[in-house]
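Trainee: Sequence and predicted structure are below.
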Amino acid sequence: MTPEVHHHETEELCDAGLEIYARALRQGHLPSAEAATAPCLIDNGMLHPAVEDLARLEPVPPTVAMRRLLRSSEDRIADERRRGQRIADVFESLMRLERPTSTDEGTLSLRLLNGKERTGRAITEAMAEGRDELLAIQPHDGIVAPPFHYHEAAMHRDQAFLDGGGRVRALYQHTVRHAPLIIGRYERLTGDVEARSLNEVTERLIIVDRTVAFIPTSADRSLALEVRHPALIAYFVNTFDRLWHLATPMHPQAVHQPTLNGITPRQRAIAALLVEGHTDSDIADRLGMNVRTARVHIAKLAATLGSESRAQLGYLIAESRMLKQRDAEQ
């Protein structure tokens, strides 16, 4: 009976191919006939004919094979993004030619922006046309600092908006309240600008003059949506206003939350998520910190409450009434 031959994308590895490749690594080589059922191994260069015996296949080192596959995958992703950019460019010009109709008036005014630089240009254009107010939610995404030219461009954009008589209101997470980049940014800006922070904020949101908003549509923020529909803008503004009134001022006048019974505000936020059953990774993501920092705070919280286990810590948090104290403050 002839063995079944597997066919799939070059970057993918089937189970049969992985098994053959592992056998080749253990033995140092294989007869070429043994790889006939998984031609992907030859196609992606994981196996190659031996110089001294063309009927024998030798494996390339796993590190070399991995880099080769990753590079191929990255090239394919880059090609798709370039293709998406070309499509967006073509249809953007076509949409300008479309005549508005009575049925269009009730539809959503949305525009997909492909690429961070394109999104940045659209925000800059909206702020150049704006005169009144910029509302921004800026969650921490694990990046210590953006590239310098992006940071400087944003500074000039914000200052120009302020110089034109606009005001800026920005929301951050508590974890960046004392970050040098954030503090330095607001020390350099002059005008009607305020910043506040919360334990948790929503995804990134920018609203200009309550007429246009920008939100990300992909996890890496390579795609964004420009929104001009009045109902959606009103919803975004209402969400921002509610978060703003719950937030703690950080600029121009910082307000420091008190430590209660040895428990810091950040530890109280972690305690609330622990009681809800979240993992260390979930807690770190939601509060804008790395997992190691989250675990340090959890350990300090356990030491303060005298907990010897994760289960006991949840019980002691409930008994300490710290969460009720936090709710009373809010």
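Mentor: In hand now; what should we look at?
Trainee: who are the neighbours in contact with A153?
Mentor: By C-beta atoms under 8 Å, 6 or more residues apart in numbering, the contact set of A153 is 120, 124. (Each C-beta comes from the backbone N, C-alpha and C, glycine too.)
Trainee: Quick check: it vs E200, distance?
Mentor: 28 Å (C-beta to C-beta, to the nearest Å).
Trainee: again, but for A299
Mentor: For A299, the distance to E200 - C-beta to C-beta - is 21 Å.
Trainee: Which of those two has more residues huddled nearby?
Mentor: Counting neighbours by other C-beta atoms under 10 Å for A299 and for E200 shows that E200 has the greater number, 15 against 11.
Trainee: if I read this right, the more buried one contacts L287, doesn't it?
Mentor: Yes. Taking contacts as C-beta atoms under 8 Å, E200 lies within contact range of L287: 6.5 Å.
Trainee: between these two, what contacts are shared?
Mentor: Here E200 and L287 share the contacting residues 173, 269, scored by C-beta under 8 Å, 6+ apart.
Trainee: looking at the protein, which helix or strand is least sure?
Mentor: Lowest by mean pLDDT, DSSP states H and E among the helices and strands of the chain is helix 322-329, with a mean of 53.
Trainee: R56 reaches S32, doesn't it?
Mentor: Yes. Judged on C-beta under 8 Å, R56 makes contact with S32 at a distance of 6.7 Å.
Trainee: what's the overlap in contacts for the two?
Mentor: Common neighbours of R56 and S32 (C-beta under 8 Å, 6+ apart) are P49.
Trainee: Quote the end-to-end distance of stretch 256-267.
Mentor: 15 Å (C-alpha to C-alpha, to the nearest Å).
Trainee: So, low pLDDT: which residues of the stretch 51-200 of the chain?
Mentor: Along the stretch 51-200 of the chain, segments meeting pLDDT under 70 span 92-93, 95-108, 141-151.
Trainee: hmm, try it at 80
Mentor: Within the stretch 51-200 of the chain, the stretches with pLDDT under 80 are 51-55, 62-108, 140-153, 178.
Trainee: What are the boundaries of the helices in it?
Mentor: Remark: helices assigned in the stretch 51-200 of the chain by DSSP state H, counting those that start in this stretch are 62-97, 116-129, 148-163, 180-188.
Trainee: Equivalent analysis for the stretch 201-330 of the chain, please.
Mentor: With DSSP H, counting those that start in this stretch, the ranges of helices along the stretch 201-330 of the chain come out as 230-246, 265-275, 280-287, 291-305, 310-320, 322-329.
Trainee: Out of these, which is the most enclosed?
Mentor: Among the helices of the stretch 201-330 of the chain, ranked by average contacts under mean count of other C-beta atoms under 10 Å, first place goes to helix 265-275 (a mean of 21).
Trainee: Tell me which other helices or strands that helix touches.
Mentor: Judged by 3 or more C-beta pairs under 8 Å, 6 or more residues apart in numbering; DSSP states H and E, the packing partners of helix 265-275 are helix 280-287, helix 291-305, helix 310-320, helix 322-329.
Trainee: quick check: domain ranges of the protein?
Mentor: What automatic domain parsing lists as the domains of the chain is 1-80, 99-251, 265-329.
Trainee: mind checking which of the ones you listed is nearest V90?
Mentor: For the domains of the chain, proximity to V90 was assessed by C-beta to C-beta; domain 99-251 is nearest, at 11.5 Å.
Trainee: chain center to that closest one: distance?
Mentor: Mean-position distance between domain 99-251 and its chain equals 15 Å (C-alpha atoms, centre = their mean, to the nearest Å).
Trainee: now stretch 40-58
Mentor: When C-alpha coordinates are averaged (C-alpha atoms, centre = their mean), stretch 40-58 and its chain have centres 41 Å apart.
Trainee: What of stretch 15-30?
Mentor: The answer for stretch 15-30 is 38 Å, by C-alpha atoms, centre = their mean.
Trainee: picking up where we left off before, could you export the domains of the chain to JSON lines, including columns for distance to F91?
Mentor: Converted to JSON lines, these look like this (distance: least, C-beta to C-beta, whole Å):
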{"stretch": "domain 1-80", "distance to F91": "16"}
{"stretch": "domain 99-251", "distance to F91": "9"}
{"stretch": "domain 265-329", "distance to F91": "34"}
